[in-house]
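Engineer: I need the structure of the sequence given here:
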Amino acid sequence: MGDSPLPDELLVTKFFIPPQGSKNLPRERLFAALDRGLAPEHRLILVSAPAGYGKTALTADWVRRLESTPDGPMVAWLSLDEGDYDPAIFFAYLAASLQKALPGAGETAHMLLHSPQAASPRAALAGLSNDLAERGRDMVLVLDDYHHIRTPAIHEDLAYWIDHLPPNAHLLVATRSDPPFPLHRYRGRGQMVELRMDDLRFTPEEAAGFLRQFTGADLGVRRSTVPPGPPGGTLHRHTGTAHRHTGTRH
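Structural biologist: All right, here's what the predicted structure looks like:
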């Protein structure tokens, strides 16, 4: 990430990508699905499933892969919590996360949000879109734990921003419940990639690979012998993945 200065009132740890677990299994098929979300026609990547399905771990692992890829997209990360319900706070954090990842990208929005006569969030978001389009660099903004956001005005303004994102910018939303965006419209227009509970479950092959890699067991698992389940469930609870120890959420 970049080193652009941030307003003192913002908590910088909310921009940190959660550390990688010592026993995370690379989810290549899910990484490939997330990669498809980087196509110019896709504006939203939605990772939606209940707690325990490893949304944060998967997204963080994918983001680290992007950052290690030459000429890969820039990535901004924002971890959300219950205190981000106020639109002024939410959009200040959103602009700052982009500014930290791509210095200069959030300056217009920051100026508008902090002017004596603060502009509307949509004016600031228009400035963000213009900044991202002008720079031309591929960009991914991750909003983790978006289910904490329950303010209708935030949902409406963020949906407005999705509609006006430039082709080089993509929004990834990780959440326990679907946000009230016009998801049917995004699907119909081919503007969204989504991963859900059934996608996030370990396949029998992944479960066998996990056991083989981290316990040395080779069970010769057949497709019919491994019950489906959440990767953040039984297997991850037994292995103590890092996101559980660091307090980051699913």
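
Engineer: measure the residue nearest the centre of the chain to Ala39 for me?
Structural biologist: Nearest to the mean C-alpha position of the chain, by C-alpha atoms, centre = their mean, lies Val142 at 3.1 Å. From Val142 over to Ala39 the distance is 17 Å, taken as C-beta to C-beta, to the nearest Å. (C-beta placed from N, C-alpha, C; glycine too.)

Engineer: pLDDT below threshold where in the protein?
Structural biologist: Applying pLDDT under 70 to the chain picks out residues 1-8, 22-23, 106, 110, 114-119, 214, 216-250.

Engineer: which stretches in it count as strands?
Structural biologist: 44-48, 74-79, 139-144, 169-175, 192-195 (DSSP state E).

Engineer: follow-up on the earlier one: wait, the residue nearest to the centre of the chain sits on Thr59?
Structural biologist: Yes - because the distance of 6.0 Å satisfies C-beta atoms under 8 Å, Val142 is recorded as touching Thr59.

Engineer: what do these two both touch?
Structural biologist: Leu172, Ala174 (C-beta atoms under 8 Å, 6 or more residues apart in numbering).

Engineer: check the burial of Thr151 by counting its neighbours.
Structural biologist: Residues contacting Thr151 under the criterion other C-beta atoms under 10 Å number 13.

Engineer: over to Pro152?
Structural biologist: 10.

Engineer: nearest spatial neighbour of it, skipping sequence neighbours?
Structural biologist: Once flanking residues are discounted, Pro152 sits nearest to Pro180: 7.6 Å by C-beta to C-beta, 6 or more residues apart in numbering.

Engineer: Ala60 against Arg27, yeah?
Structural biologist: No - taking contacts as C-beta under 8 Å, Ala60 lies outside contact range of Arg27: 11.7 Å.

Engineer: could you dump the strands of the chain to JSON lines with distance to Val12?
Structural biologist: Listed next are the strands of the chain as JSON lines, based on distance: least, C-beta to C-beta, whole Å:
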{"stretch": "strand 44-48", "distance to Val12": "24"}
{"stretch": "strand 74-79", "distance to Val12": "11"}
{"stretch": "strand 139-144", "distance to Val12": "15"}
{"stretch": "strand 169-175", "distance to Val12": "20"}
{"stretch": "strand 192-195", "distance to Val12": "28"}
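
Engineer: among those strands, which comes closest to Phe210?
Structural biologist: Smallest distance to Phe210 across those (C-beta to C-beta): 18.5 Å, for strand 192-195.

Engineer: just the CA trace of the closest one, in CSV.
Structural biologist: Extracted in CSV, the C-alpha atoms of strand 192-195 (Å, rounded to 0.1, in the frame of the first residue of the first chain):
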residue,chain,number,x,y,z
MET,A,192,-21.3,-8.8,-10.6
VAL,A,193,-19.4,-11.9,-9.5
GLU,A,194,-20.6,-13.6,-6.4
LEU,A,195,-19.5,-16.3,-4.1
